[in-house]
Every structure is written in C-alpha cells, then in structure tokens.
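**Q** below: sequence and its predicted model.
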Amino acid sequence: MDKNLKLVIEKRIERTVKALREHNIDAQYIPDTQALLQKLGEYINEGTSCGVGGSMTLFETGVIDYLRSSGCEYYGKAASNTKDLISNYRQSFFCDVYVTSSNAITEDGELYNVDGTGNRVAALTFGPSKVIVIAGANKIVRNLDEARRRIKYTAAPANNIRLEKPNPCVKTGVCMECRSPTNICITEVVTRGQSEKGRLTVLILPDSYGY
C-alpha cells in the first residue's frame, strides 16, 4: 500500500476508534490478520462456546478457519438444512463469545447493520456475554447517511449475489428497496454505545475485507 494512503487510512481508523471509545465501546486498531488471530486467542480457546454472524470478512481474515480449529464449541453456518441452521442461530445467542462484522462503522462511533433473519443484530445487541466485531477500514464511513448509501450501493447487492437471492438488486447492482419475500434487508440496527462496559469490542484492520 502507498505510504501516503496508508497514513490517511490509519488516521481514519484513529478517529473512529476514539469515537467508539467515547461511546463506551472498546475499540482497537489491529495491524494485520496475524495480530487479529492472536487477539482472538485472548477470548476464545478450547471449551469456549462461540457463535458467528454471517460475514465475508470473517472468511477473508481467516477467522472462520481459526475458530474451526481452535477447539471451541463452534456454532456457524455449518448445518445442511434450514432447521439445523435456525437452531444454530438460536444457540449462538447463548454463547460465551459472538464474532461478527459490521456493515458500516461511522467516524462518529456508531455501528450500522442491516439483517434479513435478524440473528446477527439480535446477538450483537443482547445475548452473548462477549461480542467481537471485526472490520476492515473499508467499512468506515463518515456518518449514518453514508452508511445507508454503502448498504444500498455495495453491501446489499453484493450479498444478494453471493447468497443467490432472486431479488432486483442482483440485476441492477443497487438496492431497489424491494418487498420481496427473499429480502435480506429487513431489520436495521444502529448501535450508538453500550451500557455494559467490556461486552462489545471492535477490532479494525487497515485493509479492505468483505462487502
């Protein structure tokens, strides 16, 4: 990465981390994926029950492979049918640790997420004793308006294509605000802080991961 651009990104992360901490959310800059996996080892080990929210970031950073080999009691998208998958979603709600990403993080210190099933945002807001949010610098936006535009023009179409959903954005490349029964943009949640200090930790990397 160009050193000048790297500095700009690091300053953006610095502002965002500061704002998150001001909102009582633990936030840290993580330089690379190796440091990220080492950090996860502070929270997750053999015997820890761990749930996972759907996220390309977790695959791309090696977190999913790490969890599957860590000896933790892992609840993820491993089930072969919908009934088992929903059971996993519900079990994740009671796990020791929940690991997910965020659709966007504002420089004002807010997490912005949109869900279809709602399992991810439910666990984020209440349930697991510890929640770890992992995101690349590409998820940082200036404010909630920019966060919503990010969903409409990037995250929603890309995730619909990935999940092979028959929704209009698959063809248009932009959210059409559809009312399709297969819509994955049903629940919108803004997290502006946390009342239980230490429950929510946000780890931000300087590279781009996920949608």
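**A** Okay, I see it.
**Q** please make it C-alpha for all contacts and neighbour counts, starting now.
**A** Fine.
**Q** what residues sit buried inside the helix or strand of the chain with the lowest mean pLDDT?
**A** Counting by mean pLDDT, DSSP states H and E, the weakest-scoring helix or strand in the chain turns out to be helix 82-92, with a mean of 76. Within helix 82-92, the residues that count as buried by 16 or more other CA atoms under 10 Å are 85, 88-92.
**Q** pipe those into CSV and attach distance to L111 per row.
**A** Shown next, in CSV, are those (distance: CA to CA, whole Å):
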residue, distance to L111
L85, 25
N88, 24
Y89, 21
R90, 22
Q91, 24
S92, 20
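**Q** show me which of these is closest to A19.
**A** The nearest member of the buried residues of helix 82-92 to A19, counting by CA to CA, is S92 at 28.5 Å.
**Q** find the nearest non-adjacent residue to the closest one, please.
**A** Of all residues not flanking S92 in the chain, G51 sits nearest, at 4.4 Å (CA to CA, 6 or more residues apart in numbering).
**Q** list the residues that contact that neighbour.
**A** Going by CA atoms under 8 Å, 6 or more residues apart in numbering, G51 touches 74-76, 89, 91-93, 95, 97-99.
**Q** quick one: least confident of these?
**A** In terms of pLDDT, the lowest of those is G76, showing 73.
**Q** ok, the nearest residue to E22 once chain neighbours are set aside - how many residues close by?
**A** Once flanking residues are discounted, E22 sits nearest to G109: 7.7 Å by CA to CA, 6+ apart. Counted by other CA atoms under 10 Å, the residues lying close to G109 total 25.
**Q** could you look up the SS state of G109?
**A** When classified by DSSP: H, G, I helix; E, B strand; the rest coil, G109 comes out as coil.
**Q** that's a helix at Y74, yeah?
**A** No. With three-state DSSP as the criterion, Y74 is strand rather than part of a helix.
**Q** what is the neighbour count of it?
**A** Using other CA under 10 Å: Y74 sits among 24 other residues.
**Q** for G127, see how far away the closest residue to it other than its chain neighbours is.
**A** Counting by CA to CA, 6+ apart, Y74 lies nearest to C50, which is 5.1 Å off, once chain neighbours are set aside. Going from C50 to G127 by CA to CA, to the nearest Å gives 12 Å.
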